[in-house]
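1. Next input, structure requested:
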Amino acid sequence: MPLKVGLIVGREWSFPPAFMEEVNRRDEGVVAEVVSIGAPAMEDLVDYSVIIDRISHEVPFYRTYLKHAVLQGVTVVNNPFMWTADDKFFDAALATKLGVASPKTVVLPHREYVPGIKHDESLRNLQFPLDWEEVIDHVGLPCILKDAHGGGWKEVYVCRSGEELLQHYNDSGRLLMIVQEFIEWDQFIRCIALGQEKVLPMKYDPGERRYHVEHEHLSPELGKRIVDDSLKLVRALGYDMNSLEFAVRDGVPYAIDFMNPAPDMDINSLTPHYFEWAVENMAEMAIRLAKEPRPQGHEMRWSSFFGGGEVAATPAASRG
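-> Numbering: from 1, shown residues only. Alright, predicted model coming up:
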């Protein structure tokens, strides 16, 4: 019987069929298909060696199913336990712990709460009012206000004054927001990192929100640092599929966003050139994980990664 790779997907439909076709055409004794889920019972076995998760951040039922799959010994890309625990404030602190340049970051209490929260009784531990002057003094102006759990450039605001920062914060509802130092960048790089060993740095224009296929857009030194920093981060997080963004200021790459465990892999976004790289390397990774299972139970003990020491070496990375 062939080993099975399952795919959990949403509306995207350029990457999934291309990925499944690439896995299946290789004739490696591994087949890929879309997972079909009914109403699983807790004793049910999960009939996959690997599951690629593209959508559980928007469908909590899938996240619960995937945690059950990890319990059954399935390798899930990405580990749902880490993904559930991850947020952009933690990421910024982790980057600093690992020696990766990161913008100054502050996390803010929620602006609004679920019904039943009584401010003078339920929130005794919160300082109120906030010292906004201290926040601004720390991160500077302009600054970036963003959703700590968000992605896809949603709920991201460039604030050029304290009044603008307060206005967007007051409109944030129940979202958990962070404030970051704004990096006036000379170069902007978005990377795809796969299998905790391959990194593809791509020139990206955040204003146009598009990639530029330019293979010599980085000096060898800067390219190596971005690849090395990317590997430090994805290995610490345990992500086998991620995108990372670096804003380069005065030659220093600042990791401004790397909580993207379901990165955009649409052909219209990536361009056909980078799309082909993503499909081929995702297929290669899925086949390897199916044939060489990597139990994820030990990854629930992240203390060895978060200590700031060296992460165990893996095969050499690739640069584009």
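2. ranges for the strands of the stretch 201-320 of the chain?
-> 210-212, 241-249, 252-257 (DSSP state E, counting those that start in this stretch).
3. Could you give the average pLDDT over the shortest one?
-> Throughout strand 210-212, pLDDT has a mean value of 95.
4. Parallel or antiparallel, list what pairs with that strand.
-> strand 198-205 (antiparallel) (DSSP bridges).
5. Would you mark the buried spots in the strand it pairs with?
-> By neighbour count on 16 or more other C-beta atoms under 10 Å, the buried set for strand 198-205 is Lys198, Val199, Leu200, Pro201, Met202, Lys203, Tyr204. All C-beta atoms are positioned from the backbone trio N, CA, C, and that covers glycine.
6. Hmm, Trp277 is touching Pro201, no?
-> No - in this structure, Trp277 is not within contact of Pro201 by C-beta atoms under 8 Å, at 11.6 Å.
7. Find out how far the biggest helix by length in the chain is from the centre of the chain, if you would.
-> Ranked by residue count and defined by DSSP state H, the top helix of the chain is helix 267-291. Relative to the chain's own centre, helix 267-291 is displaced by 17 Å; criterion: C-alpha atoms, centre = their mean, to the nearest Å.
8. For the spatially closest residue to Tyr48 that is not a sequence neighbour, list each beta-bridge partner.
-> Nearest non-adjacent residue to Tyr48, counting by C-beta to C-beta, 6 or more residues apart in numbering: Gly6, 4.2 Å away. Under DSSP bridges, the beta-bridge partners of Gly6 are Glu33, Ile51.
9. got the contact list for Gly6?
-> Ala32, Glu33, Val34, Val35, Tyr48, Val50, Ile51, Ile52 (C-beta atoms under 8 Å, 6 or more residues apart in numbering).
10. Look up how far His149 lies from the residue nearest to the spatial centre of the chain.
-> The centre of the chain sits closest to Asn260, judged by C-alpha atoms, centre = their mean, with a distance of 2.2 Å. Applying C-beta to C-beta, to the nearest Å, the value for Asn260 to His149 is 12 Å.
11. got it, and Tyr62?
-> Separation of Tyr62 from His149 (C-beta to C-beta): 16 Å.
12. what does Ala92 give?
-> 13 Å.
13. neighbour-wise, which of those two wins?
-> In this view Ala92 and His149 are compared by other C-beta atoms under 10 Å, and Ala92 has more residues nearby, 26 against 16.
14. The more buried one against Ile178, yeah?
-> Yes - using C-beta under 8 Å, Ala92 is in contact with Ile178, at 7.5 Å.
15. and for these two, which residues touch both?
-> Joint contacts of Ala92 and Ile178 (C-beta under 8 Å, 6+ apart) are Thr105.
16. The residue nearest to Val279 when sequence neighbours are not counted: neighbour count?
-> Among residues not flanking Val279 along the chain, Ala18 sits closest, at 4.8 Å (C-beta to C-beta, 6+ apart). Counted with other C-beta under 10 Å, residues neighbouring Ala18 total 19.
17. who's in contact with Ala18?
-> Ile267, Phe275, Val279.
18. Closest to Glu245 out of the residues you listed?
-> For the contacts of Ala18, the closest approach to Glu245 (C-beta to C-beta) belongs to Phe275, at 18.6 Å.
19. What distance do you get for that closest one to Arg294?
-> 26 Å.
20. Looking at the two, which one has more neighbours?
-> Neighbours were counted for Phe275 and for Arg294 using other C-beta under 10 Å; Phe275 has more, 19 against 11.
21. in stretch 145-157, what's buried?
-> Leu145, Lys146, Asp147, Ala148, His149, Gly150, Gly151, Glu155, Val156, Tyr157.
22. quick one: which of those sit in strands?
-> Taking DSSP state E as the definition of strands, the buried residues of stretch 145-157 contribute Leu145, Lys146, Asp147, Val156, Tyr157.
23. Excluding chain neighbours, what is closest to the fourth one?
-> What that stands for is Val156. Using C-beta to C-beta, 6+ apart, the nearest residue to Val156 is Lys146, at 4.5 Å.
24. List the residues that contact Ala95.
-> Ala101, Ser102, Leu233, Ala255, Phe258.
25. give me that answer again for 10 Å
-> 101-103, 105, 229, 232-233, 236, 244, 254-256, 258 (C-beta atoms under 10 Å, 6 or more residues apart in numbering).
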